[in-house]
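# Dropping the sequence and predicted coords here.
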Amino acid sequence: MVRGTGVSEGIGIGFVHILKEQKPVFERHSITDVEKELEKLRNAVDSFVLSTEKLAAKLKNEAGEKEADILNGHIMIMKDPVLTSEIEKLIQGGECAESAVEQICNMFISVFSARDDELTRQRAADMEDLKDRLIKHLIGADDIQLSSLPPDTILCAREITPSMTAGMDKEHIAGIITEKGGETSHCAIIARACGIPAVSGAEGIMQLVHDGQKAVIDGATGEIILSPDEETMELCRERKAQYDESVSILRSYKGKPTLNFDGERYSILCNAGNAEDIDKVLSGDGEGIGLFRTEFLSMNRKKSPDEQEQFEVYRTAALKMQGRPVIIRTIDIGGDKDIPYMEMDEEDNPFLGLRAVRYCMKHPDILHEQLRAILRASAFGDVKILVPMIADIGELRLVRNMTEEIKKELSAEGKAFNENIETGVMIETPSACLISDILAKEADFFSIGTNDLIQYTMAADRGNSDVSYLYSVFKPSLLRAIKYTISSAKAAGIPVEMCGEAAADRLMTPLLISFGLDSFSVSPSSVLAIRREISLYTKEKADRITEAVMQMSSSEEIKEYLVQNDN
Amino acid sequence: MVKQKLLVINPEGLHLRPAGVFAQEMDRFKCDITIRYKGTRVNAKSLLSILAACIKCGSEIDIECDGPDELEAINKAIELIESGFEGV
């Protein structure tokens, strides 16, 4: 079995069709009639634009306007006055049109490929595609024809360019495998838009396949099975049927508000661990960022990120979310997350030591810098502060007092911020849970971090398999802790979100609805599944299940009951 | 010459579609239009030059217009960038 990266979900079953590369071949020659060569270039540009417009119109029908924009982009690039004037300059210097096009395009390709930004590097692929096609128009060669393929084709190529993707006979394509490319390649974007399973980055696949070979691909896991036996095929067909059904159900929840069966509103936010995750939140249909982890800013570097750098990252997140909430967790280092330059002392018990807000109590300068950056970013969207590892009211007060001081500083400096920025407490220690009624009076919201709450409540290391029987959110102690925390928040009139893995566990959904949770913060890929799950429960049904569960004495019993009552 | 500092607010930054719209709109003006970003000067009428500058969401840029219709040009630039390319 070969494996690549799954870039477009779904199971593809069919027969391999190898796409051979056809780079245009031309002979570099000197020219005598400059005017004639310029004329040739203009004609090629015109016919390039015309054929690309046709492809874009086809793509718009099949995949949508946004996807067709990729090809409209090629037309815009072709019309760039700098591009054409540079090519013309070379021709005027005696270069043939083909070579002039190649040289200038290569120049831009090398500029784009050198950037550290994935989207800009993708433009290099666009230029490569544009260059080859423009040269084909110059020498009068045909574009690759993919417009008539046999049914159940698994297209296999080193790379698939945007123009090839557009020209493809998508009805007959069961799957796409490429050696190059990744999640953000045009091919992947269009495959996703058309619902065609695709696997990219399958290095060496071209040496292993032959035309007409039976193949199965899994666009979620990146698995490729070549020449499967009948037993495997049967399994794959079953998986495909299941997958296709669940996808069509989930897709209908995209872009919809999150409502339970009674029509009560909930929000589904997403967890983000770095700047790139923000785009996944948008594509996954998240309603905001419920947990923006900020440790990535400090990892893998020699000195701490300064205020300006942090500010720019938070501001970008706020801008991208366009008014939807962005809950930024202050730095959560310590425990298992060591940052070299912070010179943290070795501790006997790091998980019970100088972690998160405790580290900030000892190093207020670090927190001060981060809070300034967060406050300044609050001028650009619905930014909130979330403080991790609170066990004592003094920790919350420190952060709140510092926030008030910073507001004065920023006002004096004439810098914009949100005067009413909210500060929330992460409930992840048993102490925070037990004093949640006290904390609720001074916090603007709660966020329950179940991963640590389980570990600290059960006193069980989640990484230690010998005690893994203790590590479960379905333990009666955990359910009581969560219930009590939410009821404290309700009594004080503040909202509660949950950002641990339990928020994305479908079996937990009825309990969380019954307890009164307001927001679920999950990974972008779980948004639609949880939105659907919530929609299936009335408050009354959730209450009935919860009432029964809260009488039970073991997690095994609880889980079994929840599985039986699962929709 | 007129100039203005602006914040790029649309989520995708000055990438293919917004950059293309921006370059096309700027190309309608006679004046020279330059984007200054991180110490480089970019021809605002050239899509490829804008793309090469790799201007992301959250970036601050300076627009400079120099020529007969510089005022109209800078107003259009401000409108496009500040609206986050809404409705284009």
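The structure has been received and is ready for your questions.
# is the helix-or-strand element of chain B with minimal mean pLDDT anywhere near chain A?
Every helix and strand of chain B was ranked by mean pLDDT, DSSP states H and E. The lowest is helix B:16-27, at a mean of 91. Yes - under the criterion of C-beta under 8 Å from any C-beta of the partner chain, helix B:16-27 makes contact with chain A via B:16-17, B:20, B:23-24, B:27. (Glycine included, C-beta is placed from N, CA and C.)
# Based on its surroundings, how many neighbours for residue 7?
No chain was given, so I picked chain A. The local packing of A:Val7 (other C-beta atoms under 10 Å in any protein chain shown) involves 25 other residues.
# wait, I meant chain B there
So B:Leu7, with other C-beta under 10 Å, has 15 neighbours.
# count of residues packed around the residue nearest to it when sequence neighbours are not counted?
The shortest distance from B:Leu7 to any non-neighbouring residue, by C-beta to C-beta, 6 or more residues apart in numbering or on different chains, is to B:Glu60 (5.6 Å). Using other C-beta under 10 Å, B:Glu60 has 14 other residues around it.
# hmm, back to that, show me what the next helix or strand after the least confident helix or strand of chain B packs onto, helices and strands only.
Per DSSP states H and E, the first helix or strand lying C-terminal to helix B:16-27 is strand B:32-37. When contacts are defined as 3 or more C-beta pairs under 8 Å, 6 or more residues apart in numbering or on different chains; DSSP states H and E, strand B:32-37 sits against strand B:40-43, helix B:47-53, strand B:60-66.
# Just checking: what are the partner strands of strand B:32-37?
Paired strands of strand B:32-37, with direction, are strand B:40-43 (antiparallel), strand B:60-66 (antiparallel) (DSSP bridges).
# right, so those strands: which one is the most enclosed?
Comparing the strands paired with strand B:32-37 by mean neighbour count (mean count of other C-beta atoms under 10 Å in any protein chain shown), strand B:60-66 comes out on top with a mean of 19.
# So what's the gap between it and the chain middle?
7 Å (C-alpha atoms, centre = their mean, to the nearest Å).
# same check, this time on stretch A:418-437
Its chain's C-alpha centre and that of stretch A:418-437 lie 27 Å apart, by C-alpha atoms, centre = their mean.
# which parts of it are buried?
For stretch A:418-437, the buried set under the neighbour-count rule, 16 or more other C-beta atoms under 10 Å in any protein chain shown, comprises A:418, A:421-430, A:432-433, A:435-436.
# After the helix or strand of chain A with the lowest mean pLDDT, which helix or strand is next?
For chain A, the helix or strand with the lowest mean confidence is helix A:162-167, at a mean of 81 (criterion: mean pLDDT, DSSP H and E). Going down the chain from helix A:162-167, the next helix or strand is strand A:173-178, by DSSP H and E.
# about what we covered before: want to try CSV for the residues of helix B:16-27 next to chain A, with distance to A:Leu511 as columns?
Putting those into CSV (distance: C-beta to C-beta, whole Å) gives the following:
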residue, distance to A:Leu511
B:Leu16, 45
B:Arg17, 44
B:Gly20, 50
B:Ala23, 54
B:Gln24, 54
B:Asp27, 59
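# Any of these buried? List them.
Taking 16+ other C-beta under 10 Å as the criterion, what is buried in the residues of helix B:16-27 next to chain A is B:16-17, B:20, B:23.
# Indicate the residue of chain B located nearest to chain A.
Using C-beta to the nearest C-beta, the single residue of chain B nearest to chain A is B:Gly58, 3.2 Å away.
# any idea how chain A splits into domains?
A:23-139, A:265-564 (automatic domain parsing).
# Could you dump those domains into TSV with distance to chain B and mean pLDDT added?
Shown next, in TSV, are the domains of chain A (distance: least, C-beta to the nearest C-beta, whole Å; pLDDT from 0 to 100):
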stretch	distance to chain B	mean pLDDT
domain A:23-139	4	91
domain A:265-564	3	93
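# what's the longest helix along chain A packed up against?
In chain A, taking DSSP state H as the definition, the longest helix is helix A:34-62. The contact analysis (3+ C-beta pairs under 8 Å, 6+ apart) places helix A:34-62 against helix A:65-78, helix A:81-92, helix A:97-113, helix A:118-139, helix A:162-167.
# which one of those helices is the most hemmed in?
Mean neighbour counts for the helices and strands packed on helix A:34-62 (mean count of other C-beta under 10 Å) peak at helix A:162-167, with a mean of 25.
# quick one: contacts of the least confident helix or strand of chain A?
A:19, A:52, A:55-56, A:58-59, A:68, A:70-71, A:74, A:125-126, A:129, A:133, A:143-147, A:157, A:186-187, A:190-191 (C-beta atoms under 8 Å, 6 or more residues apart in numbering or on different chains).
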